[in-house]
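# sequence and computational prediction follow.
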Amino acid sequence: MITRVSSNRIIARTCVLALLVAFAEIQSAAATGVVSSTLNPVQIGILHWYPANQTAAFATGASPEGVAFDGANMWVANFSSSTVSKIRASDGFIEGTFPAGSGPTGVAFDGADIWVSDYGSGTITKLRASDGSTLGSFTVGTNPWDVAFDGTNIWVANFGSNNVTKLNATTGSLLGTFTVGTNPFGMAFDGTNIWVTNYGSNNVTKLSSSGTILGTFAVGVNPVGVAFDGTSMWVANFGSSNVTKLKTTGTIIGTFAVGSGPRFLAFDGANIWVANDSSNNVTKLKASTGANLGTFAVGGNPDGGVAFDGANIWVTNSSSGTVSKL
């Protein structure tokens, strides 16, 4: 019995020693191999040496802001270069860069043409989506920012004149100017009515298709972007770093924390994506519950726009001059 126990102990010690020697040899081999790399050689060996590629970025013009999808391409308004970039959604190839007033910000697609608000010139530019040619430039209010299409008309939020402009999408003719809150910023159509965020008065205005005010509802601090998820409205509150979910009646359903300085947001059919300007990332929220599903890094200062192309989310990065595809 004593001899058997001693033999077992010797075998165990021998195995431990063999493992230690093997480990030392592996370390030595790694040290004498690719010594300039800081990557784990085992991770390289099993092809898991890099993080998952969740984001691609494509160059745009200077200070990209709004972004819209035309069914095949992304259109990006480049504020500082006063142009718009047409980017093929499938691979990020730039199909063209076209002039668009002074300081373009918001972008909307009406089914045939692209509309771009020109913050610096108080106008909105209409471009043919097929080739980027300018079809017209129309006067709106002071410092127009966001744009929305209601199926027939174009609506523009005029940040500097505290009103919104309604234009005929076919001719560009002025159909009305309607007073809203202080510093109107973002716009969205809910299938029946137009919603406008009022950055300076911390509320949103609901307008009928004729421009009648149907209600004004308090949200968070400095609301910017607004989106419709098929049932509810979502508002990004830049100053309070959260988003507000409202029923279309204006009743608040909930308020949800996101990143720092949220600006614009988009709905992908199931989730809400929020671009956080000050934290350089986007937050993904479950639309049904508001649950946080993840935070994803993008470029610098994603303050201008978020859009869904049917498969991917696109986010403009103002300070890096890029658009991210997630």
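Looks like it arrived, so ask away.
# tell me which stretches of the chain form helices.
With DSSP state H as the criterion, the chain has helices at 2-32, 41-45.
# mean pLDDT lowest where, among the ones you listed?
Averaged per stretch, pLDDT over the helices of the chain is lowest on helix 41-45, reaching a mean of 43.
# quick one: low-confidence ranges for this protein?
Counting by pLDDT under 70, the low-confidence segments of the chain come to 1-54.
# which segments of it make up each domain?
The chain breaks down by automatic domain parsing into domains covering 2-45, 56-325.
# okay, these, which one's buried deepest?
The highest average neighbour count among the domains of the chain, using mean count of other CB atoms under 10 Å, belongs to domain 56-325 at a mean of 20. C-beta here means a position set from N, CA and C on the backbone, and glycine is covered the same way.
# just give the nearest non-adjacent residue to Phe189, would you?
Asp150 (4.7 Å; CB to CB, 6 or more residues apart in numbering).
# give the contact list for the one you found.
By CB atoms under 8 Å, 6 or more residues apart in numbering, the residues touching Asp150 are Phe189, Ile194, Ser209.
# test my guess that the first one contacts Phe149.
Yes: counting by CB atoms under 8 Å, Phe149 is a contact partner of Phe189 at 6.9 Å.
# quick check: neighbours shared by the two?
Trp155.
# does Gly160 touch Asn143 like I think?
Yes: contact criterion CB under 8 Å: Gly160 and Asn143 qualify, at 3.4 Å.
# and for the two, which residues touch both?
With contacts taken as CB under 8 Å, 6+ apart, Gly160 and Asn143 have no neighbour in common.
# name the nearest residue to Asn158, sequence neighbours excluded.
Asn158's closest residue in space is Gly141 (CB to CB, 6+ apart), at 2.7 Å.
# from Phe256, how far out is Asn281?
15 Å (CB to CB, to the nearest Å).
# tell me the phi and psi of the nearest residue to Asn78 once chain neighbours are set aside?
Nearest in space to Asn78, with sequence neighbours left out and distances taken as CB to CB, 6+ apart, is Gly61 at 2.7 Å. Backbone torsions of Gly61, given as degrees, to the nearest 10, read phi -80, psi -170.
# not counting its neighbours along the chain, what's nearest Gly103?
Nearest residue to Gly103 in three dimensions, chain neighbours excluded: Gly120, at 3.4 Å (CB to CB, 6+ apart).
# surely that neighbour and Ser102 touch.
Yes: contact criterion CB under 8 Å: Gly120 and Ser102 qualify, at 3.4 Å.
# mutual contacts of the two, please.
Shared contacts of Gly120 and Ser102, defined by CB under 8 Å, 6+ apart, comprise Ser82.
# might you report the residue contacts of Ile313?
Counting by CB under 8 Å, 6+ apart, Ile313 has contacts Ala266, Asp268, Trp273, Val282, Val306, Ala307, Lys325, Leu326.
# pretty sure Gly61 sits against Pro99.
No: between Gly61 and Pro99 there is no contact under CB under 8 Å: 10.6 Å.
# joint contacts of these two?
Joint contacts of Gly61 and Pro99 (CB under 8 Å, 6+ apart) are Thr83.
# Tyr119 is in contact with Ser102, correct?
Yes: between Ser102 and Tyr119 there is a contact at 7.4 Å, judged by CB under 8 Å.
# contact partners for Gly191?
Gly191 is in contact with Phe228, counting by CB under 8 Å, 6+ apart.
# redo that, cut-off 10 Å
Asp150, Gly151, Phe228, Gly230, Thr248 (CB atoms under 10 Å, 6 or more residues apart in numbering).
# about what we covered before: so the residue nearest to Gly103 touches Glu65, yeah?
No: contact criterion CB atoms under 10 Å: Gly120 and Glu65 do not qualify, at 12.0 Å.
# list residues touching both of those two?
Counting by CB under 10 Å, 6+ apart, the residues touching both Gly120 and Glu65 are Phe79, Gly103, Pro104, Thr105.
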